[in-house]
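Colleague: pasting the structure only:
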């Protein structure tokens, strides 16, 4: 029999909740109350991979304060193309600019996941995926943004690969879970190792 271990997802992301629910995990969720841009600014010499790991850890540590003895899962994803680091678009013009900048080029999604217990880091993992956008025309991007509407502002690249965003790409290297922002296979392996789920 598996001992009763409380799992908490330090996120309000419907995509991350869906991934854990689909895997049959029982968990609670609570969004972290941290200023991601302030933390990112304070780590101005850190690369996008390191920033993802720092933010995943900070989210889990923040939520861990409210759940003694729970295993708190924090995750974060950064998106980079060369030296440029992307954030969620604030408006349509910014979403269009971001998408056009990806045209014909390969960018990277850096997905970090951490497990924290009583404020202390138990485990962390970083995975990445590389996505190559096909050559995009402004007319196509305009039509794409017309179709997806406000969904363009809910993800860092202004696309959802599980939806119409798939039409933007010609090649993808990396697993689906990493692209969605939560590397599930290493996370589940660690939860089994910790005795939190059935192994």
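Modeller: That came through, no problem. What you see is a predicted model; the values in this text were computed from it and never measured.

Colleague: Confidence-wise, which helix or strand of the chain is lowest on average?
Modeller: Between all helices and strands in the chain, the lowest mean by mean pLDDT, DSSP states H and E belongs to helix 36-42, at a mean of 80.

Colleague: Give me the helices and strands touching it, please.
Modeller: Applying 3 or more C-beta pairs under 8 Å, 6 or more residues apart in numbering; DSSP states H and E, one finds that helix 36-42 contacts helix 48-64. Quick note: C-beta positions are derived from backbone N, CA and C, even for glycine.

Colleague: what's the following helix or strand past the helix it packs on packed up against?
Modeller: Per DSSP states H and E, the first helix or strand lying C-terminal to helix 48-64 is strand 71-81. If you count contacts as 3+ C-beta pairs under 8 Å, 6+ apart, strand 71-81 packs onto strand 7-9, helix 48-64, strand 84-86, strand 106-117.

Colleague: worst average pLDDT in those?
Modeller: Lowest mean pLDDT within the helices and strands packed on strand 71-81: strand 84-86, a mean of 89.

Colleague: Work out the gap between that strand and the centre of the chain.
Modeller: When distances are taken as C-alpha atoms, centre = their mean, to the nearest Å, strand 84-86 is centred 15 Å away from the chain's centroid.

Colleague: how about it: buried residues?
Modeller: Buried positions in strand 84-86, judged by neighbour count with 16 or more other C-beta atoms under 10 Å: residue 86.

Colleague: That one: partners in the sheet, and parallel or antiparallel?
Modeller: strand 71-81 (antiparallel) (DSSP bridges).

Colleague: relative orientation of the strand it pairs with and helix 48-64 in degrees?
Modeller: Put simply, strand 71-81 runs at 150 degrees to helix 48-64, going by axes from the mean of the first three to the mean of the last three C-alpha atoms, to 10 degrees.

Colleague: roughly how far apart are residue 22 and residue 14?
Modeller: Using C-beta to C-beta, to the nearest Å, residue 22 is found at 12 Å from residue 14.

Colleague: now swap in residue 78 and tell me
Modeller: 20 Å.

Colleague: Comparing the two, which residue is more hemmed in?
Modeller: Between residue 78 and residue 14, residue 78 has the larger neighbour count (other C-beta atoms under 10 Å), namely 26 against 11.

Colleague: how near is the more buried one to residue 135?
Modeller: On the measure of C-beta to C-beta, residue 78 and residue 135 end up 25 Å apart.

Colleague: Could you do residue 40 as well?
Modeller: According to C-beta to C-beta, residue 40 stands 31 Å off from residue 135.

Colleague: again, but for residue 104
Modeller: Separation of residue 104 from residue 135 (C-beta to C-beta) stands at 5 Å.

Colleague: same question, residue 129
Modeller: Counting by C-beta to C-beta, the gap from residue 129 to residue 135 is 20 Å.

Colleague: what's around residue 101, how many residues?
Modeller: 14.

Colleague: how many other residues sit next to residue 107?
Modeller: For residue 107, the neighbour count with other C-beta under 10 Å is 19.

Colleague: Look up which helix or strand the closest residue to residue 197 other than its chain neighbours falls in, please.
Modeller: Spatial nearest neighbour of residue 197, excluding adjacent residues (C-beta to C-beta, 6 or more residues apart in numbering): residue 191 at 4.6 Å. If you go by DSSP H and E, residue 191 is part of helix 184-193.
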